[in-house]
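predicted model and sequence follow; I will ask about them next.
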Amino acid sequence: MEPVRQVEGRAYPWGAKNIDTDIIIPAHWLKTTTREGLGKGAFETVRAQPGNIFDDPRYAGSPVLIAGDNFGCGSSREHAAWALADMGIKAVIAPSFSDIFSGNAFKNGIVAVVLPQEAIDRLVEVAKDGDVTVDLETMTVTTRYQDRFPFELDAFRRECLMQGLDEIGLTLSKDTEISNYESGVATARPWIAAGAGNESTFVAGAGRT
């Protein structure tokens, strides 16, 4: 996972509310065994409508999506976060998110920013002709029009995003501490290691007299 310290660029000024995971990525796309290419199916039903925002050349490749309340509700499919990431979205700004979607977004390097509806309304207008910046260092969303909206983010998630660490990466980063702990346990409680080694012997000899 790549480190995320700042996301800057055009933003999709959508603002739609109650966007569920089936709208983000329809169920028939879940048969894939890879994350690559899911961006093509993202918002498929929305893209079927003429003049939709996702096919507007002004916002092509935008790294920020401005959405409405309750974004990512519905199923727990992680494919929703995969699809957003595959289409290049690195931050979603909304008044609220589904807890499961928020967690999936974090695990895939997408910043889920919560701002009040007044800020969302302003950003939707500004994003029509200007860039939006999400800064994890200063914990703010800013625009070239001097807008500055502070936001909060769980300290653990913020640190992981800024360092580019998912759950596996975080565990690997503690490899030395884990090895030292296991070595210490083996020295202080050798019977634990010995017991683990005798399990196969015990099982192999089960039923003998």
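Okay, I see it.

burial count for the residue nearest to residue 55 when sequence neighbours are not counted?
Leaving aside its sequence neighbours, residue 55 sits nearest to residue 47 (CB to CB, 6 or more residues apart in numbering; 5.8 Å). The C-beta positions use only the backbone N, C-alpha and C, and glycine is treated the same way. Neighbour count for residue 47, taken as other CB atoms under 10 Å: 14.

got the domain ranges for the chain?
For the chain, automatic domain parsing gives the domain ranges 6-165, 174-204.

quote the end-to-end distance of the longest one.
Pointing back at domain 6-165 there. Start-to-end span of domain 6-165 (CA to CA, to the nearest Å) is 16 Å.

follow-up on the earlier one: hmm, the residue nearest to residue 55 is touching residue 53, no?
No - between residue 47 and residue 53 there is no contact under CB atoms under 8 Å: 9.2 Å.

run through the residues that contact the residue minimising distance to the centre of the chain.
With distances taken as CA atoms, centre = their mean, residue 105 lies nearest the centre of the chain, 1.7 Å away. Contacts of residue 105 were listed using CB atoms under 8 Å, 6 or more residues apart in numbering, and they are 72, 81, 84, 92, 97, 111, 112.

what do you get for residue 99?
Here residue 99 is in contact with no residues (criterion: CB under 8 Å, 6+ apart).

mean pLDDT for the domains of the chain: which is lowest?
Among those, domain 174-204 carries the lowest mean pLDDT, a mean of 65.

for stretch 102-118, how far is the first residue from the last?
With CA to CA as the measure, stretch 102-118 spans 21 Å from end to end.

deepest-packed of the domains of the chain, please.
Greatest average neighbour count among those goes to domain 6-165 (a mean of 18), per mean count of other CB atoms under 10 Å.

roughly how far out does it sit from the chain middle?
Put simply, domain 6-165 sits 9 Å off its chain's centre (CA atoms, centre = their mean, to the nearest Å).

ok, now stretch 5-13?
Worked out by CA atoms, centre = their mean, stretch 5-13 lies 15 Å from the chain centre.

biggest separation within the contacts of residue 105, which pair?
Spanning the widest gap among the contacts of residue 105 are 72 and 111, at 13.3 Å by CB to CB.

rewinding a little: residue 146: which of the contacts of residue 105 is nearest?
Distance to residue 146, by CB to CB, is smallest for residue 111 among the contacts of residue 105, at 21.9 Å.

tell me the secondary structure at the spatially closest residue to residue 10 that is not a sequence neighbour.
Once flanking residues are discounted, residue 10 sits nearest to residue 62: 4.2 Å by CB to CB, 6+ apart. In three-state terms, and counting by DSSP: H, G, I helix; E, B strand; the rest coil, residue 62 is coil.

my read: residue 62 touches residue 89, true?
Yes - look at residue 62 against residue 89 with CB under 8 Å: they come within range, at 7.4 Å.

spit out the contact partners of residue 147.
So residue 147 contacts 122, 123, 126, 141 (CB under 8 Å, 6+ apart).

ranges for the strands of this structure?
Secondary structure of the chain by DSSP state E: the strands cover 6-9, 11-13, 64-66, 91-94, 111-114, 132-135, 140-143, 148-150.
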